[in-house]
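Q: any chance you can model this:
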Amino acid sequence: MQFRQKALSKLQSPEEIDLPVRFARPQGLLVLTVTVLAMIAASVWAVTGSVSSTLSAPGILTHAQGSYILQSPVSGQVVDVRAKEGEYVADDAPLVEVRTPEGTAVVRAIAAGRLTALVATIGSVVTTGADVAAVERAGREDDPLMAVLYVPADRGAAVPVGASVDLTVQSVPAQQYGVLRGRVEAVGRTAQTRQRIAAFLGSGQLGEEFSRQGPPVSVLVRLERSSSTKTGYAWSTSDGPSYPLDSMTLTTGSVHLAEQHPIDWLLP
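A: Numbers count the residues shown, from 1 in each chain. Coordinates of the predicted model:
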């Protein structure tokens, strides 16, 4: 009873009417402000922002016209080699000279391109049908490089033409020089068997590697050109490497699929 009388008398005291009433502590106001700002930012991002999913796939840099294996039409001993690996050879250019019991035969290129592998050496013996060289087809020596990615067949339909691609090149340190920029030029309609990949790239080993997870779909990527870099292609860094890129170099492509607004996830 005594405490009640004190409380009533305190409420009736006119001198305490002007005292401020504390509704919340300063710490609480700070937390409330931060929470409101975070909710506003999240709402704006949900409406105007977007999320991009990516698809990673192995591939190779090439001139996209395929390669062929040059085989010896005769049996005999190699007495002369007229080309070097990495050189551009013209159509019908002489590559290897073979001495046979009937005389000397010259093994010539079937089509113009870059000599990617040369098996025959001076003094070695070849038999009819033996592999002599591998040539990557190219119409001109300065034909631009492209990338061929091998995407799992069940994901190929998700790759849109025109999608941007970031390419990590095996021979280029990505931490120092960044990645190559490119865009999807075409998407294959049918899955590629190991034999077809090997025939196109001129390498059974690559055919085995790219079909390890099953027959993939080929995705052709056109590299973005740049006149300000040593390689002639656009990189995520300003300059890229100071040395040229070689065809038949392994790469890994990260394809940026269609973007989706976060609010679409919430709406039915």
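
Q: only C-alpha atoms for contact and neighbour calcs from this point on.
A: OK.

Q: can you give me the distance of residue 151 to residue 244?
A: 27 Å (Cα to Cα, to the nearest Å).

Q: okay, those two: which has more neighbours?
A: Per other Cα atoms under 10 Å, whichever of residue 151 and residue 244 has more neighbours is residue 151, with 29 against 11.

Q: give me the contact list for the host helix or strand of that one.
A: Element membership for residue 151 (DSSP states H and E) is strand 146-152. Identification of contacts with strand 146-152 by Cα atoms under 8 Å, 6 or more residues apart in numbering yields 56-64, 210, 213-223, 252-253.

Q: how about a cut-off of 7 Å?
A: Strand 146-152 has contacts (Cα atoms under 7 Å, 6 or more residues apart in numbering) with 57-64, 210, 216-223, 253.

Q: what does stretch 157-175 give?
A: Stretch 157-175 has contacts (Cα under 7 Å, 6+ apart) with 179-187, 249-257.

Q: list the buried residues of that stretch.
A: Neighbour-count burial for stretch 157-175 flags 159, 160, 164, 165, 166, 167, 168, 169, 172, 174 (criterion: 16 or more other Cα atoms under 10 Å).

Q: among those, which one lies nearest to residue 237?
A: Closest to residue 237 out of the buried residues of stretch 157-175 is residue 174 (9.6 Å), distances taken as Cα to Cα.

Q: quick check on the closest one: phi, psi?
A: Main-chain dihedrals, residue 174, degrees, to the nearest 10: phi -70, psi -30.

Q: from residue 226, how far off is it?
A: Distance of residue 174 to residue 226, given as Cα to Cα: 18 Å.

Q: got it, and residue 76?
A: Distance of residue 76 to residue 226, given as Cα to Cα: 48 Å.
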